[in-house]
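A.B. asks: Everything below, folded, please.
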Amino acid sequence: MKRSDRIQYHLIMAMSRAVGALPDWFIYGCLGRFIYFVLYRLVGYRLKVVRRNLGRVFPEKSEAERRDIERNFYKHLAELVIDTIDMANISYDDLRGRLRVDNADEHLADTTNRSWVAMMAHFGCWEYFGAYQLYDERAQVIGVYHPLRNAAFDQYFYTIRSRFGLLPMPMKDIARFGVRHREGYEGRPIVYGMIADQRPPQDDKSQMFDFLGCPTSFFMGSEWIARRLGLPAYFMDVRKVGRAKYSCVFNCLYDGKEEVAEGEITRRYVEALDAMIRREPHLYLWSHRRWKHLDIAEDEARRVAKTK
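C.D. replies: Here you go, the predicted model:
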């Protein structure tokens, strides 16, 4: 990193640790409400994107119902900001208490001495996935991510994600890493934590699926790892159980042996993700421009209609 980036990184870490040292009632109460006010009422952070996404996915809901989801989403987003800041300061016991794995015993038995793929989403607080390393210290958890353009923030996220043993891995390196470590990493099985719901580049590595009632492209990296290495793939089904607290169940999508058509694992993931979002819609990241291709087509159609 450049000197200016290092200074910025240390300032971010110092601020996060200072905030994290404050009592929860203050950071999640007072500070959380302030962040909600700034993001939603004052700035309107990506508000047009959020409303367009909600209108596209939930046309059957009334305007009042969509506004209710919208408000709850911004409350969740404010809490998510606090969760992320707090990751710089959180203790081992507190982190494990933030994410409860309801089928931990069964899942640990099924994956003993075996690598596997966790197919996750931008739902709830995905940063808490690192807590799985605390449930299974026999394994090496890999957090697959896209590096940020800002070097200081990229280093910040690397630091908070790796505090308890998780190994962050850039997406561009994961295929080579997986092939090289087929038998495990330093004698340990590998858990590939892959957030698989973001909009991929429009290339031959993505496929279209029906997702939340919309034609949507999905990157096939998680499926590629599972099929190429013969690894089971599990969907991380998340529920919110309290302020900054979640429970999850790992549901098997693919056992690592089944003969499946290309795209079938991802189709099962999309189906499970669709159901999870519809169950608690405000916990999804609606500020992401997930259906950019549809936005462009609709905007062009309106432009053409106006010129006639």
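A.B. asks: what about residue 79, how many residues close to it?
C.D. replies: For residue 79, the number of neighbouring residues by other Cβ atoms under 10 Å comes to 19. Yep, even glycine has a C-beta here, placed from its N, CA and C like the rest.
A.B. asks: Now do the same contact list for it.
C.D. replies: 28, 32, 125, 243, 244 (Cβ atoms under 8 Å, 6 or more residues apart in numbering).
A.B. asks: Please apply the same query to residue 2.
C.D. replies: With Cβ under 8 Å, 6+ apart, residue 2 has these contacts: residue 151.
A.B. asks: swap in residue 292?
C.D. replies: So residue 292 contacts residue 199 (Cβ under 8 Å, 6+ apart).
A.B. asks: Against residue 50, how distant is it?
C.D. replies: 14 Å (Cβ to Cβ, to the nearest Å).
A.B. asks: Among the contacts of residue 79, which are located in strands?
C.D. replies: With strands defined by DSSP state E, no entry of those lies inside them.
A.B. asks: farthest-separated two in these?
C.D. replies: Using Cβ to Cβ, the contacts of residue 79 span at most 13.2 Å, a distance reached by 32 and 125.
A.B. asks: pLDDT score assigned to residue 133?
C.D. replies: Per-residue pLDDT puts residue 133 at 87.
A.B. asks: name the element it belongs to?
C.D. replies: Of the helices and strands defined by DSSP states H and E, residue 133 is found in helix 132-135.
A.B. asks: Output the contacting helices and strands for that helix.
C.D. replies: With contacts taken as 3 or more Cβ pairs under 8 Å, 6 or more residues apart in numbering; DSSP states H and E, helix 132-135 sits against helix 92-98, strand 99-101.
A.B. asks: Over the last one, what's the mean pLDDT, rounded is fine.
C.D. replies: Taken as a whole, strand 99-101 carries a mean pLDDT of 94.
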